[in-house]
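S.K.: I would like the atomic coordinates for the input below:
(2 chains)
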Amino acid sequence: MSNHVTALAERIMAIQWKGSYDKNRSRVALLREYLRRAAWWADAVKTEQYPFFDIAEQVNPKVRADPTRIQRVEEDLNSKMAGVLVRRTCTRALHFAALLDAGTKLPQVPSPVAQPFEPLLMMFERGGGFRLEGKLIEVDSAGVPIGTIQSNRTDTPVVALTAAALDALDAR
Amino acid sequence: MPDPTDPIALSVKGVSPGAKGRDLQIEIARIVGKRSREEAAEFVKSGKLPVLTRAKNSGTNSATLFLTKQELAVLRGTSPGQSTGGRGSSGSSSKNTLSGAVARNNSTSRTSSTKTGSSATVPDVANPGLLAQLLQSEEVLSFGRVQPAEGTNIYDIPDTTKGKKKLYERNTRVFVCRKLPGDWYFVRLDNGDYGYVNSHRVWINPPDPKAYLYRIQTDEGAQAIAKQEFLKQAASQSGASPIQWGMDWRHYVRVLVYANQGPKNGSGPRGIAYANKAQKWDETKTTEGVDIWIPSLEFAQSLKGKLPSDSVSYNVYQAVVKHLGTVGEFLLGRIAFEAGIVHGALESLWDLVTGLVDLVKLVWDILESIFTGSLFSDLKGLWELLTSLKPSQLIEAGLKSFLSKWNHPNFFRRWHFRGWVVGYALAEILMAVITGAASLVKWAGKAGKISKLIAKFPKVLKLAEQVTEVSKRIPDEALKRLKKVVSRTPDEVPLKNRKYVPWSGWKYIGNADEADKAIYAKIREILHDGAFLLKMNKNTGISRRILERVHKHLFHTMHEVAVAANKMEKGYFAPDPDIAELWTKAMKGKMTGPDVERFRRLMAHEYVESKLMEKGLPYRSPHQDAWDAEGVSRFTTQHHGAHDLAPHVDPTRSPLAHWKFVLGVDPPDFKLADDLNNLDNLVQDILKIKRGWK
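M.R.: As a prediction, this is how the structure comes out:
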């Protein structure tokens, strides 16, 4: 019934938020991949609230993850000193997972971008959150330009979501 | 009833284009007073009208002069009550005589206490750095008095070596608009002049706007002072004795004590105070050679029955203002209102044509002459109109978000803000009219909410007509450039950049969540409420000094920020959801354990960042070597900004660990104090290490 939400909640609560700076290259690449995927989704659900928005709410606002579970995850994140944006994106990822559990028909997007939150979750798992800083997003201490839906809606993935590809970036 | 001391812009046609000095004065006296040349020369020689020396030849057979209605009557040779007709009818165009004319100088000599000096000062719009500094500086909004016995110089720029100065005698009243770094106040005087004055030479926060300074003489007791000063005031007014039932000299002594218990000026002792806790009026202590405030007689009398149990509080002051009624309110508040209008107009102009100094100056010269000439001469009408606006009308116009500032409990803040709104909107409307971007009505139809509201006033339509006339004198080339700039307004400017509603999310660098913008707007509104800093200090343990600085840095300072290689943008920091959340919790005292540490790290970062920016570091470096091939900002020892070197905000990491990883150098050996009071040492350490990188 709610396998996606349950699994994602456990995954989020297992993240080690205390990161270091040595995975910055891969974390920047993962964020940029999220920006690419989010651009496709923003286009699909016709929103201008790019790059951080509640995809599930745009698709079907009636399908939401269990509030008790959301609250538990938020409390866990808060106790680990995660920032507001991190909490918001994790919550939105849970709502998106609820769409999958409910079998909601999703807008059509290319299959490589079908999982919008995956790069962001992997970025968190490689050592910490991020912060909004005007026209940039700060990852560790690097400032990643947000760009626009148009500039990010490209066909080519920024990076393959495999440990090997990501480690290779950090080894440069 | 028109105020005879209201300033008027007089435009005199028919003068010789080259006439200046005494010749110009004689021509004006001849034309306006319908005198023969000999009579006019005699009139000028008599020195009856010193303001004549300020006349300017505008060329093309016309001259301008700012003067009061009383002075105009002298010039015309009529009594002040005779405005037209007979000998007094002006030789200049009757249509233009009292209307706005282009002029730089807004002196009116209305209540000048000037001794000597250069021409009047106005905000220097031709100095972009100074104007930007002024617009971003701290608001003070208090009356004050020149304190030193020898008077003080007021300068046209905040620089004692380069500025033109004008000496003002002790006790000259000023309205302190803003405080700038380097101990400068930006002030407006009762005669309409503006200028900069050393903040140590002006006492502010008087018990009432008419209060003045008095220096206590040898062996002079409180009762002697009270008798001398209040009798003097009574004699200059109705002549009635200040002593009435319930108000004997004991009352006036207590008034003096309480009037001098407010915020302290200077570092010395208070000049007057009760000798002990018993608070006996006849045991009042005075200190020779120290200044004290002498409040106005009406203020003293308004305290009847309120002393000694009540303190001289804001409520008492409000009660006084209430007694004075609408007319009294206007007399007291007009200076704040005027200052607000000028400030709002300047800010509007600055926002519209940022960086185009010559254009700013050109348009300001026109606007200023119209404001000081036509608008200010009938300011009371505008004041009454704003007073009559009901909250429902503001809400209907979509202006709910600034109702609290519009109706601010502090009288001066309230009227300064209303003036600011009017000035801002007027400047926008007038700019559009000058450049022919649209007819006034058409433009106002598309304009922001406040401009729409303001544009409904008949006075604004009249002003627009004057501006249209004056704008014909603007050179074609300048007009073209202006049109290009103004054509962005109003509906082509993205919603997020709209500036018509103050503090509601304009000019941010980057986008932000609407909810976070609303929180930022709320945080901004409490700028003038010092109590919130005290509360935050109590809730977080972080000193008010740090909180205050960070508050200004985050919410009230416009920054120039690199957003890409070689690309800078100017604006306010876009609302950050973490800051919005933590600042709100800190104000409300609702912080949990993790929040406290997150907030502490945030404050450390922002404080150090602001200090480093003050030392000249950019926020981030715009240099291309600080941006990689993907456009990601990555700082180096050669190219970095204050944001990069400041302690990192992530509470799960060591504050300066990024130094080693990104720069490959050891960070300062430093431990943040719990209350963050050692941050200035960290700034010094950072600068010291940084010097070694050159």
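
S.K.: Near chain B, which residues of chain A? Just list them.
M.R.: Counting by C-beta under 8 Å from any C-beta of the partner chain, the residues of chain A close to chain B are A:17-22, A:24, A:28, A:32, A:52, A:78-81, A:83-85, A:88, A:128-129, A:131-136, A:140-146. C-beta: built from backbone N, CA, C; applies to glycine.

S.K.: let's go with 7 Å and repeat that
M.R.: Neighbours of chain B within chain A, by C-beta under 7 Å from any C-beta of the partner chain: A:17-18, A:21-22, A:28, A:78-79, A:81, A:83-85, A:128, A:131-132, A:134-136, A:140-145.

S.K.: Which of the residues you listed fall within strands?
M.R.: Secondary structure from DSSP state E places A:131, A:132, A:136, A:142, A:143, A:144, A:145 of the residues of chain A next to chain B in strands.

S.K.: Relative to residue B:296, which of these is nearest.
M.R.: Nearest to residue B:296 among these, counting by C-beta to C-beta, is residue A:132 at 52.7 Å.

S.K.: which strand residues sit across from the closest one in the sheet?
M.R.: Taking DSSP bridges as the rule, residue A:132 bridges to residue A:137.

S.K.: what about residue 53, which SS state?
M.R.: Just so you know, I chose chain A. With DSSP: H, G, I helix; E, B strand; the rest coil as the basis, residue A:53 sits in coil.

S.K.: Kindly report the same for residue B:166.
M.R.: Residue B:166 ends up strand, using three-state DSSP.

S.K.: With residue B:45 instead?
M.R.: At residue B:45, secondary structure determined by three-state DSSP is helix.

S.K.: thinking again about what came up before, just send the ones in strands among the residues of chain A next to chain B back as a markdown table, with distance to residue B:622, neighbour count and pLDDT too.
M.R.: Shown next, in a markdown table, are these (distance: C-beta to C-beta, whole Å; neighbours: other C-beta atoms under 10 Å in any protein chain shown; pLDDT from 0 to 100):
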| residue | distance to residue B:622 | neighbour count | pLDDT |
| --- | --- | --- | --- |
| A:131 | 20 | 21 | 94 |
| A:132 | 20 | 25 | 92 |
| A:136 | 13 | 24 | 96 |
| A:142 | 16 | 24 | 96 |
| A:143 | 12 | 28 | 97 |
| A:144 | 16 | 21 | 97 |
| A:145 | 13 | 19 | 96 |
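
S.K.: From those, pick the one nearest chain B.
M.R.: Proximity of these to chain B (C-beta to the nearest C-beta) peaks at residue A:143, which lies at 3.3 Å.

S.K.: Not counting residues beside it along the chain, what's closest to the closest one?
M.R.: Spatially, and ignoring its direct neighbours in sequence, residue A:143 is nearest to residue B:633 (3.3 Å; C-beta to C-beta, 6 or more residues apart in numbering or on different chains).

S.K.: For the closest residue to residue A:46 other than its chain neighbours, grab the count of nearby residues.
M.R.: Leaving out its chain neighbours, the residue that sits closest to residue A:46 by C-beta to C-beta, 6+ apart is residue A:58, at 7.8 Å. Neighbourhood size, residue A:58 [other C-beta atoms under 10 Å in any protein chain shown]: 16.
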